[in-house]
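J.: Predicted model and sequence below, questions to follow.
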There are 2 protein chains.
Amino acid sequence: MPDAITIPAPADFHVHLRHLKMAHLVVPHVRKGGFSLAYVMPNLNPPITTTAMALDYKAQLQAIDPSVDYLMTLYLSPDLTPDEIVKAKQAGIAGVKSYPRGVTTNSDGGIESYEMYFPVFEAMQRVDMVLNLHGEIPSDPATASNFLHFVVFSDIGTEHLPFPRLRIVLEHATTRAAVEAVKACGPTVACTITAHHLALTVDDWAGQSFHFCKPVAKYPDDREALRQVIREGHPRFFLGSDSAPHPIEAKSTSTPTHGCAAGVYTSPVLLPLTAHLLESFGALDKLEGFASTFGRRFYQRELQAGQSQPVVLQRTKELVAEKYEAEGADVVPFWAGKPLDWQIVS
Amino acid sequence: MPDAITIPAPADFHVHLRHLKMAHLVVPHVRKGGFSLAYVMPNLNPPITTTAMALDYKAQLQAIDPSVDYLMTLYLSPDLTPDEIVKAKQAGIAGVKSYPRGVTTNSDGGIESYEMYFPVFEAMQRVDMVLNLHGEIPSDPATASNFLHFVVFSDIGTEHLPFPRLRIVLEHATTRAAVEAVKACGPTVACTITAHHLALTVDDWAGQSFHFCKPVAKYPDDREALRQVIREGHPRFFLGSDSAPHPIEAKSTSTPTHGCAAGVYTSPVLLPLTAHLLESFGALDKLEGFASTFGRRFYQRELQAGQSQPVVLQRTKELVAEKYEAEGADVVPFWAGKPLDWQIVS
């Protein structure tokens, strides 16, 4: 058992940084949690649908903390054009995020409607921009619940996309089926895994709002598949925290007509938490690959000589903060009040 | 479509009436919800483990509303003796409720430990007292979640009970497997179904505390099995509401260390709600069997001539109350603020 670990430039390939007051609370937590790269989700209100919006958003984030490398994304919508993809690539935007609800809202055919995006995907393949797929579809109350089913490519209509060089990431996998589907793909397809899905199962969020997120944590066997693929050191599976802050009231309070907000907030403790969890299932030696190298390689953000920005973790039993306070936006982190075995020392 | 329905003496064969202040709020709701018989669960704190406690509890309930027929139960525990069973039967106590956690707390062997209760079960069979089985076992975090699995007799070690005449009720079935297991049994085994499990699926309680109960609602296919067995008019499946009031704070508020209370409160609207739901899936003509006749027959509480105590429902679009107020114990009912198609008129 090592007493210290050094990880070069940890990278979080899926994070929600919000805007306005909430951004001022959470953006500094990227660095606090040990990370120097943030792959930023575009689902603000309104969503980030153009290059101009993404660059403006990036400038806001840089104004809060200029020391983080923000990789920006666009929200896939019918307004997105091949020309805009070219423009986005030139502006350094890294990917396009597809949310299933956007698909179904804007078409009669549901998942088949990805065809309407083929010109966009063709442009993305040409300029080498990544497609990020949210692996859920709305649950159909008339037939079957999709809530505990993490969809794979066939469910969202992307299994036969005629773009063999388009790089695709299936986001926040939660099931054995998702792990196996990605493993069966070639080098253009990768998968993010959150830290909290390495800890939780369905038992943990039932009746416990602070553990409720989407996709929900599934069964122990699914969690074991996520853990195992990390233990294997599979290079196409890497950390994307899906860290998603919500004000404490939105998480803690339910009414008969409204449920709680979905999201687990891991950013401020992300690297210590990931080290703690990986060690718990015998994969501490894979932390560097999972939390830095593998994702950077897939996203072509490998570290150059002299760029390693190492983060050092040491053993501790320090407790995670009960909450983080900011004017009007208290947020409770995952693992609140509980001890982690690792802390960042430099 | 009828404009009015008359049901003779509706009977709720599984209800939590609590004690103290909460009992003063909820006991009158049995009659308000259309019911004149309440099969009363013994899980107070402390639990009702003796005939004397059950009679005392019954007297408290009768003092609040003497017009309801309260069928009392004992909580299965190692303190319960065959002599106490005989005494209980003589005092009119109807059944013994087995909670799985009680079993596992008081034995090393878990489910095998039902053998320690064989002398009690033998006495129950002899005096013809009903065994009520709570169809859940604690989820094992190390292996598999039982949370979304409604256990059947083999899971709780009761599939080979050597008491062929012991009458058994599997309480609040939520899965197709449970329905099929009970259907495969003979006339000594019956099953209760709640109203809310005819409405909810797993999608409805995820992140929505007011729909969180145990056992949790399962998948649409499971719900369809519950609906289908009612449509069939199967005489060994009948209503047990499992109506379980909790103060609004216990339902609405979650903290990082404590989840919300499990339970859905249906008593004050139970017969209109049951009629509304049965009509929604084409089983309104089975309301009398499901909510009165079948349970009364199994429990040998059939109505005698001149005892019919009919309840009349008429069509309405009235909204269910947002909450019921009592000093220190506001409670939100199921279906709060939403319209039901039926109301009680006499």
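T.: Thanks, I have it.

J.: How are the strands of chain A distributed by residue range?
T.: Applying DSSP state E to chain A gives strands spanning A:4-8, A:11-15, A:37-40, A:69-71, A:73-75, A:95-98, A:130-134, A:168-171, A:189-193, A:237-239, A:310-315, A:342-344.

J.: what would the ones you listed look like in JSON lines with distance to chain B, mean pLDDT and mean neighbour count?
T.: C-betas here are computed from N, CA, C, even on glycine. Shown next, in JSON lines, are the strands of chain A (distance: least, Cβ to the nearest Cβ, whole Å; pLDDT from 0 to 100; neighbours: other Cβ atoms under 10 Å in any protein chain shown):
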{"stretch": "strand A:4-8", "distance to chain B": "27", "mean pLDDT": "96", "mean neighbour count": "17"}
{"stretch": "strand A:11-15", "distance to chain B": "20", "mean pLDDT": "98", "mean neighbour count": "28"}
{"stretch": "strand A:37-40", "distance to chain B": "24", "mean pLDDT": "98", "mean neighbour count": "26"}
{"stretch": "strand A:69-71", "distance to chain B": "29", "mean pLDDT": "98", "mean neighbour count": "20"}
{"stretch": "strand A:73-75", "distance to chain B": "23", "mean pLDDT": "96", "mean neighbour count": "24"}
{"stretch": "strand A:95-98", "distance to chain B": "22", "mean pLDDT": "95", "mean neighbour count": "24"}
{"stretch": "strand A:130-134", "distance to chain B": "17", "mean pLDDT": "95", "mean neighbour count": "24"}
{"stretch": "strand A:168-171", "distance to chain B": "19", "mean pLDDT": "96", "mean neighbour count": "26"}
{"stretch": "strand A:189-193", "distance to chain B": "19", "mean pLDDT": "97", "mean neighbour count": "25"}
{"stretch": "strand A:237-239", "distance to chain B": "23", "mean pLDDT": "98", "mean neighbour count": "27"}
{"stretch": "strand A:310-315", "distance to chain B": "24", "mean pLDDT": "97", "mean neighbour count": "17"}
{"stretch": "strand A:342-344", "distance to chain B": "20", "mean pLDDT": "97", "mean neighbour count": "21"}
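
J.: which stretch among those comes nearest B:Ile137?
T.: Of all the strands of chain A, strand A:189-193 sits nearest to B:Ile137, with 30.2 Å by Cβ to Cβ.

J.: So which other helices or strands are in contact with the closest one?
T.: Strand A:189-193 sits against strand A:168-171, helix A:176-183, helix A:220-231, strand A:237-239, helix A:294-298, with contacts defined as 3 or more Cβ pairs under 8 Å, 6 or more residues apart in numbering or on different chains; DSSP states H and E.

J.: for those, which one sits closest to B:Leu271?
T.: Taking Cβ to Cβ, helix A:220-231 is the member of these nearest to B:Leu271, at 40.7 Å.

J.: ok, residues contacting the closest one?
T.: Outside helix A:220-231, the residues that touch it by Cβ atoms under 8 Å, 6 or more residues apart in numbering or on different chains are A:150, A:173-176, A:179-180, A:183, A:193, A:197-201, A:217, A:237, A:278, A:281-283, A:286, A:290, B:141-145.

J.: go on, stretch A:78-91?
T.: If you take Cβ under 8 Å, 6+ apart as the criterion, stretch A:78-91 is touched by A:49-51, A:54-55, A:74, A:96, A:106, A:116-117, A:119-120, A:122-124, A:127-129.

J.: Now intersect those with the helices, please.
T.: Among these, the residues falling in helices (DSSP state H) are A:Thr51, A:Ala54, A:Leu55, A:Pro119, A:Val120, A:Glu122, A:Ala123, A:Met124, A:Val127.

J.: Just the buried ones out of the contacts of stretch A:78-91, please.
T.: Burial by neighbour count, 16 or more other Cβ atoms under 10 Å in any protein chain shown: within the contacts of stretch A:78-91 this picks out A:Thr49, A:Thr50, A:Thr51, A:Ala54, A:Leu55, A:Leu74, A:Val96, A:Tyr117, A:Val120, A:Ala123, A:Met124, A:Met129.

J.: Widest-spaced pair of these?
T.: Greatest spacing in the buried ones among the contacts of stretch A:78-91, by Cβ to Cβ: A:Leu55 and A:Tyr117 (22.4 Å).

J.: now A:Glu115: how far from chain B?
T.: Distance, A:Glu115 to chain B, using Cβ to the nearest Cβ, to the nearest Å: 28 Å.

J.: scratch that, A:Leu319
T.: On the measure of Cβ to the nearest Cβ, A:Leu319 and chain B end up 12 Å apart.

J.: and that residue, what is it in contact with?
T.: The contact partners of A:Leu319, by Cβ under 8 Å, 6+ apart, come to A:Gly337, A:Lys338, A:Pro339.

J.: do the same with A:Ser98
T.: A:Ser98 sits next to A:Leu76, A:Tyr117, A:Leu131, A:Asn132, A:Leu133, A:His134, A:Ile156 when contact means Cβ under 8 Å, 6+ apart.

J.: what's the answer for A:Phe334, then?
T.: Listed by Cβ under 8 Å, 6+ apart, the contact set of A:Phe334 reads A:Ala195, A:His196, A:Ala199, A:Phe210, A:Val264, A:Tyr265, A:Thr266, A:Val269, A:Leu273, A:Val320.

J.: could you dump the residues you listed to CSV with pLDDT and neighbour count?
T.: Putting the contacts of A:Phe334 into CSV (pLDDT from 0 to 100; neighbours: other Cβ atoms under 10 Å in any protein chain shown) gives the following:
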residue, pLDDT, neighbour count
A:Ala195, 98, 31
A:His196, 98, 24
A:Ala199, 97, 21
A:Phe210, 92, 25
A:Val264, 96, 28
A:Tyr265, 97, 29
A:Thr266, 98, 27
A:Val269, 98, 27
A:Leu273, 98, 26
A:Val320, 96, 20
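
J.: and of those, the nearest to B:Asp65?
T.: A:Phe210 (39.5 Å).

J.: Does the closest one touch A:Val332 like I think?
T.: Yes. Contact status for A:Phe210 versus A:Val332: in contact at 6.0 Å, counting by Cβ atoms under 8 Å.

J.: shared neighbours, these two?
T.: Residues touching both A:Phe210 and A:Val332 by Cβ under 8 Å, 6+ apart: A:Lys251, A:Ser252, B:Pro256.

J.: Tell me the spacing between the first one and A:Phe212.
T.: Looking back up the chat, that one is A:Lys251. The gap separating A:Lys251 from A:Phe212 is 8 Å, by Cβ to Cβ, to the nearest Å.

J.: for the second one, same thing?
T.: Computed with Cβ to Cβ, the distance linking A:Ser252 and A:Phe212 is 11 Å.

J.: Can you pull the residues that touch both of those two?
T.: With Cβ under 8 Å, 6+ apart, A:Ser252 and A:Phe212 have common neighbours A:Cys260.
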